[in-house]
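Enquirer: Let me see the structure of the following:
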Amino acid sequence: MRRQIFPFLFLIPSLFLLVIFVLFPVVNTVYISFLNQEGKFVGFDNYAKVFSDKSFWNPKNLIEGKPPPYGALIHNGIWIMIHLPLSVFFGLLLAVLLRDVKGGAIIKSAVFLGVVIPMIVGGVLLRFIYEDDAGIVNAFLRVIGLGHLARTWTAFPDTILLSLILGSVWIWTGFSMIVYSAGLEGIPTELFESAKIDGASRWRTFWRITVPMLKPATIVVVTMTLLWELKIFDIVWVIQQGGPLEGSMVMAVIMYLQAFVYRPTNFHVASAIATLLTVMTFGFAAYLVNRMVKS
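Expert: Okay, here's the model as predicted:
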């Protein structure tokens, strides 16, 4: 009996740290979200305040076909809908194209730099990329004869959100590429050789062998990318702090503003936003991890 229990004793320090630094803060945040500034229980009042705040939820502009702001929750949703498929697509594309290319490792290292550098630095780089005078985007537009479209893309509420999303694709694609590259190394070469002998085209081989065999890698990429998109903060904050005119406001930024910037601060409303963010994050993660285990 002692031999069976003894190995589990080594888990106690880790479990203790998990409870202190993860479980307790989460439970405490949920608890605070049901209190007011005086510490009295108010039920779901803080959640009602969150959804009545146009900074968090403003679908009217979206329904009427107007440009942003649409509210932080919708902005996060737009981020996921655009950023996720593009990151998966470009990551897979680069992993496949660079697999057997001479010097492919060097190119992969260059692409992966976006993930390695701090996100604050990535945000500063994006700020320069979208500058009116010295930015690469506007320089390219001028070269192809579209100089009249040049502007500081992060200075306008109708363009900043899409600009940040597309810029973040460059930052995050390196992660997808590395995961897919590792997945490709795990596919037996015999499968490709058999397909070649059977006369299968490269396109058919890709769809019938490569894509199905990369399903576990895809679930990892989708899971990690979703979590990153839901908690996106650094890039948005360093460029415009959710502006201009809340055109780039996301959930993590409005949570930070409520807790530490707005006067008077409202830590209880911020806790409600944090709880919503936690539920969404764990919900997505649990679903995707369950899919990964089944696959």
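
Enquirer: alpha carbons only for contacts and neighbour counts from here, please
Expert: Fine.

Enquirer: Alpha carbons only: can I get stretch 32-43 in PDB?
Expert: Extracted in PDB, the C-alpha atoms of stretch 32-43 (Å, rounded to 0.1, in the frame of the first residue of the first chain):
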ATOM      1  CA  ILE A  32     -15.500  39.000  -6.500                       C
ATOM      2  CA  SER A  33     -17.500  39.300  -9.700                       C
ATOM      3  CA  PHE A  34     -20.700  38.800  -7.700                       C
ATOM      4  CA  LEU A  35     -19.900  41.600  -5.300                       C
ATOM      5  CA  ASN A  36     -20.200  45.400  -5.500                       C
ATOM      6  CA  GLN A  37     -17.700  48.100  -4.400                       C
ATOM      7  CA  GLU A  38     -19.000  47.800  -0.800                       C
ATOM      8  CA  GLY A  39     -18.400  44.000  -0.800                       C
ATOM      9  CA  LYS A  40     -22.200  43.200  -0.900                       C
ATOM     10  CA  PHE A  41     -23.500  40.300  -3.000                       C
ATOM     11  CA  VAL A  42     -25.300  41.700  -6.100                       C
ATOM     12  CA  GLY A  43     -25.800  38.600  -8.100                       C
END
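
Enquirer: What are the buried residues along that stretch?
Expert: Going by neighbour count (16 or more other CA atoms under 10 Å), the buried part of stretch 32-43 is 32, 33, 34, 35, 36.

Enquirer: ok, the last one - contacts?
Expert: The neighbours of residue 36, taking CA atoms under 8 Å, 6 or more residues apart in numbering as the test, are 42, 46, 268.

Enquirer: Compile those into TSV and extend it with columns for secondary structure and pLDDT.
Expert: Formatted as TSV, the contacts of residue 36 follow (DSSP: H, G, I helix; E, B strand; the rest coil; pLDDT from 0 to 100):
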residue	secondary structure	pLDDT
42	coil	89
46	helix	91
268	helix	89
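
Enquirer: ok, so of those, who is nearest residue 123?
Expert: Nearest to residue 123 among the contacts of residue 36 is residue 268, at 29.1 Å by CA to CA.

Enquirer: these two touch, right, that closest one and residue 34?
Expert: Yes: the pair residue 268 and residue 34 passes the contact test of CA atoms under 8 Å, sitting 7.4 Å apart.
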